[in-house]
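Trainee: how does the following fold in three dimensions:
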Amino acid sequence: MSDRASRIHRAVARALRKRMDPHGKLIVDPSILKGVEIDESGIVELWIRPNHPHCPCCLDDLIDLRSSLKDQRGVLACHIEIVGIPESERWTSAINE
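Mentor: Model prediction:
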């Protein structure tokens, strides 16, 4: 892994470690964060299963999470894929528009 990629990994890990969902649970909890992938060019992909899939504040929080990750130095783009809930493709579309 290059030095640049290593810096991006650390920045994303730091941002995720501090992040709480709107209901007080850490976003890095295995029941919420299902996967993270960061490629060499700085594209971040997250797979998330919201604890409260019908809660609009969770949707807003994930939009904010995507924005804050895109603001990290070295991150070229961020895509959040919602998994494990009904209508997950609609959530994914709304978050990544």
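Trainee: how many neighbouring residues does residue 50 have?
Mentor: For residue 50, the neighbour count with other CB atoms under 10 Å is 23. C-betas here are computed from N, CA, C, even on glycine.
Trainee: for the protein, give me the ranges with low pLDDT.
Mentor: Within the chain, the segments meeting pLDDT under 70 span 1.
Trainee: now do the helices in it.
Mentor: Secondary structure of the chain (DSSP state H): helices at 3-18, 56-70, 88-96.
Trainee: adding distance to residue 46 and mean neighbour count, write these out as JSON lines.
Mentor: Shown next, in JSON lines, are those (distance: least, CB to CB, whole Å; neighbours: other CB atoms under 10 Å):
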{"stretch": "helix 3-18", "distance to residue 46": "8", "mean neighbour count": "14"}
{"stretch": "helix 56-70", "distance to residue 46": "8", "mean neighbour count": "16"}
{"stretch": "helix 88-96", "distance to residue 46": "10", "mean neighbour count": "15"}
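Trainee: do you know how far the residue nearest the centre of the chain is from residue 3?
Mentor: Centroid-nearest residue in the chain: residue 46, 4.6 Å away (criterion: CA atoms, centre = their mean). Note on residue 46: its distance to residue 3, by CB to CB, to the nearest Å, is 23 Å.
Trainee: and what of residue 30?
Mentor: According to CB to CB, residue 30 and residue 3 sit 29 Å apart.
Trainee: likewise residue 50?
Mentor: Residue 50 is 34 Å from residue 3, by CB to CB.
Trainee: likewise for residue 53?
Mentor: Using CB to CB, residue 53 is found at 39 Å from residue 3.
Trainee: tell me who's in contact with the residue lying closest to residue 8 once chain neighbours are set aside.
Mentor: Leaving aside its sequence neighbours, residue 8 sits nearest to residue 74 (CB to CB, 6 or more residues apart in numbering; 4.2 Å). Taking CB atoms under 8 Å, 6 or more residues apart in numbering, we find residue 74 in contact with 4, 7-8, 11, 42.
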